[in-house]
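Colleague: Got a sequence here, can you model it:
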Amino acid sequence: MKKTSFILAVLGLVVVAGPASAADGEIAYGDLYNIEWCPCNPEEPFDANGSVVMGKTVMCPCDSQFSGYKKGFDQDMREIRQSAANQLRRLNYFKYYLGFDYNIGKTSAGSDNLTFDDTIFASSAINVKPGDVIDDQDSLSFVVGARISKYWGLEAFYQQSYDDNTVTQIDNTTLNNINYHLMNEYTTSFKAYGLDLIGYVPFSEYFDVVAAFGVAQYKFDNQATFASYNIDGTQLVDVVSRNFDEDKMGWRAGIGAQVNIADGVALRAMYRYVYVGGDVIDNMNEFSMGLRFLF
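Modeller: Numbering: from 1, shown residues only. Reported below is the predicted structural model:
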């Protein structure tokens, strides 16, 4: 038994000391390959034609079969590595993103009455209900954010009215004169900027329920224009404009959903309640839809 072991050890040394590769890069008998078995002896890798030393094949006579095996093995490894990378990317929730939203804001007035008492040509103060002259406030939001973890993120935004909102009224009573009447125009717009804390509840890698809470500075630019015309409306007699702007810090809270529609692109829809607490605008109910581009 000792003699046999000694002979096998010597044969092993001779094999290991053999040539590393054949000429012209061809795979040859005796090459050292980093695989655990010889494909031409898969059932019995320890025989004389496919001996294994420390998990590596040191002899493999089937060149063409091994070449095909090695190519297939390398391709399998590339696919495994790619799959692992894709899975890691899905699990890595930290993302920066840019985006925008289109918002429709339903406003509620902050007071029952607005009084304009310094119009030169009016015999009395002009009283207006804010709810009658402040209409929906469509707006665009531009956002920069980061999803910090699976469940939390931060988002800074700048929001501006999509277009000035104008309501026109014909006033036949204020001047109390059969020869003249007023054409009143009320134009409103707003800008806002702030920061939201975003919460995510993932249901899958493609769908999240999203909640938001934040603070923002809201600036409402409001103007009333009172134009006096003769009774048939053909002659402008006088015009007076008055601003009734408001600049308020408000808070907002919302809930919605986010759907990952493509790699790095998400669609988000939300309902948001905004509290301003001003004399003109007390609060807004916003409905928004937009895109996020993740990096």
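
Colleague: can you list the weak-confidence ranges in the stretch 151-295 of the chain?
Modeller: Scanning the stretch 151-295 of the chain for pLDDT under 70 picks out 176, 178, 233.

Colleague: show me where it has strands.
Modeller: Taking DSSP state E, counting those that start in this stretch as the test, the strands found in the stretch 151-295 of the chain are 152-161, 165-171, 180-202, 207-230, 236-243, 246-262, 265-275, 281-294.

Colleague: Can you add distance to residue 78 and mean neighbour count and give those strands back as TSV?
Modeller: For every residue, glycine as well, the C-beta is placed using N, CA and C. Output for those, formatted as TSV (distance: least, Cβ to Cβ, whole Å; neighbours: other Cβ atoms under 10 Å):
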stretch	distance to residue 78	mean neighbour count
strand 152-161	34	17
strand 165-171	58	14
strand 180-202	29	18
strand 207-230	30	18
strand 236-243	67	13
strand 246-262	24	15
strand 265-275	27	17
strand 281-294	26	18
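
Colleague: What strand or helix carries residue 83?
Modeller: Assigned by DSSP states H and E, residue 83 belongs to helix 63-91.

Colleague: that older thread, which of the strands of the stretch 151-295 of the chain sits closest to residue 83?
Modeller: strand 246-262 (18.8 Å; Cβ to Cβ).

Colleague: what residues does that closest one touch?
Modeller: Here strand 246-262 makes contact (Cβ atoms under 8 Å, 6 or more residues apart in numbering) with 194, 196, 200, 205-220, 222, 266-281, 286, 288, 292.

Colleague: Okay, now the sheet partners of it, with direction.
Modeller: Note on strand 246-262: by DSSP bridges, its sheet partners are strand 207-230 (antiparallel), strand 265-275 (antiparallel).

Colleague: Looking at those strands, spot the one closest to residue 153.
Modeller: strand 207-230 (8.9 Å).
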